[in-house]
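Student: take this sequence and fold it.
(chains A and B)
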Amino acid sequence: SQQGEEDPQALSIQEGENATMNCSYKTSINNLQWYRQNSGRGLVHLILIRSNEREKHSGRLRVTLDTSKKSSSLLITASRAADTASYFCATDVRDNYGQNFVFGPGTRLSVLP
Amino acid sequence: KAGVTQTPRYLIKTRGQQVTLSCSPISGHRSVSWYQQTPGQGLQFLFEYFSETQRNKGNFPGRFSGRQFSNSRSEMNVSTLELGDSALYLCASSPSDSYGYTFGSGTRLTVV
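Tutor: Sure thing, here's the model as predicted:
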């Protein structure tokens, strides 16, 4: 099973509406990150939120983190067609080999003009 | 400043061959990580290099290997290619553990 899982798997909204995506994870983290990927290209880093932070903003993006519920949400306000992409959360995990970031399966967002 | 550069962008190989993919990180970034992305498995961590040392690795067979050079450039090699190795291979660099990754555009490998 995934360390991080996004919900919903797919989301379709009209331009101008807000989009909310959620991420749940299983183990303790030091930080959680959100990324965007356009159509099979590389991922673009959006926001990193540390475990001692509850909320961060970046332009039209707002990320919250609730470590007690092991969940995070990404809110995109006033969405645009250009926001159409897949969004991934990534959590840092530490195993026997060291630390790496584990990505969830992603939420595919479609913003309709 | 220049981003993460991956070469080649596209590659077609036949089963049994081997392939080498290259990644040039952002200048000053010493950590380079590799991920495999497929529709079925999503993003899977392959390995991470830091200052020429493999610091972490994912759950992939020994056919997948990598290395990092003194200038932080990294290569990954896949030997004895299988059809299931067809994927988008993404390289990401970071200045340290406390920062997010900057990803390259990826190399799309097709094994026929």
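Student: just the C-alpha atoms of the helix or strand bottoming out on mean pLDDT in chain B, please, in PDB.
Tutor: Among the helices and strands of chain B, strand B:53-57 carries the lowest confidence by mean pLDDT, DSSP states H and E, at a mean of 90. Presented in PDB, the C-alpha positions along strand B:53-57 are these (Å, rounded to 0.1, in the frame of the first residue of the first chain):
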ATOM      1  CA  THR B  53      27.900   7.700  -3.100                       C
ATOM      2  CA  GLN B  54      24.700   5.800  -3.400                       C
ATOM      3  CA  ARG B  55      22.900   6.900  -0.300                       C
ATOM      4  CA  ASN B  56      19.600   5.100  -0.800                       C
ATOM      5  CA  LYS B  57      18.000   2.700  -3.100                       C
END
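Student: quick one: the strands in chain A?
Tutor: A:4-7, A:10-14, A:19-25, A:31-37, A:43-50, A:55-58, A:61-66, A:71-76, A:85-95, A:98-103, A:107-112 (DSSP state E).
Student: quick check: residues of chain B near chain A?
Tutor: By CB under 8 Å from any CB of the partner chain, the residues of chain B that approach chain A are B:4, B:6, B:33, B:35, B:42-43, B:45, B:48, B:55-58, B:88, B:90, B:92, B:97-106, B:108. (Glycine included, C-beta is placed from N, CA and C.)
Student: what subset of the residues you listed is buried?
Tutor: Those of these that meet the buried threshold are B:4, B:6, B:33, B:35, B:42-43, B:45, B:48, B:55-58, B:88, B:90, B:92, B:97, B:100-106, B:108, by 16 or more other CB atoms under 10 Å in any protein chain shown.
Student: next up, the contacts around residue B:2.
Tutor: Contact analysis of residue B:2 by CB atoms under 8 Å, 6 or more residues apart in numbering or on different chains lists B:24, B:26, B:27.
Student: ditto for residue B:48
Tutor: Taking CB under 8 Å, 6+ apart as the test, what residue B:48 contacts is A:98, A:100, B:31, B:32, B:33, B:34, B:54, B:55, B:56, B:57.
Student: so what's residue B:77 bridging to?
Tutor: Beta bridges link residue B:77 to residue B:20, residue B:65, judged by DSSP bridges.
Student: in contact with it, which residues?
Tutor: B:18, B:19, B:20, B:21, B:64, B:65, B:66.
Student: which residue is nearest the centroid of chain B?
Tutor: residue B:34 (3.4 Å; CA atoms, centre = their mean).
Student: hey, C-alpha coordinates of the helix or strand that residue falls within in PDB?
Tutor: Per DSSP states H and E: residue B:34 is located in strand B:31-38. Taking only C-alpha atoms (Å, rounded to 0.1, in the frame of the first residue of the first chain), the coordinates of strand B:31-38 have been written out as PDB:
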ATOM      1  CA  SER B  31      21.800  15.000  -4.400                       C
ATOM      2  CA  VAL B  32      20.500  13.300  -7.400                       C
ATOM      3  CA  SER B  33      17.600  10.900  -7.300                       C
ATOM      4  CA  TRP B  34      16.100   8.700 -10.000                       C
ATOM      5  CA  TYR B  35      12.400   7.600 -10.300                       C
ATOM      6  CA  GLN B  36      10.600   5.300 -12.700                       C
ATOM      7  CA  GLN B  37       7.100   6.300 -13.700                       C
ATOM      8  CA  THR B  38       4.600   3.900 -15.300                       C
END
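Student: great, nothing more from me.
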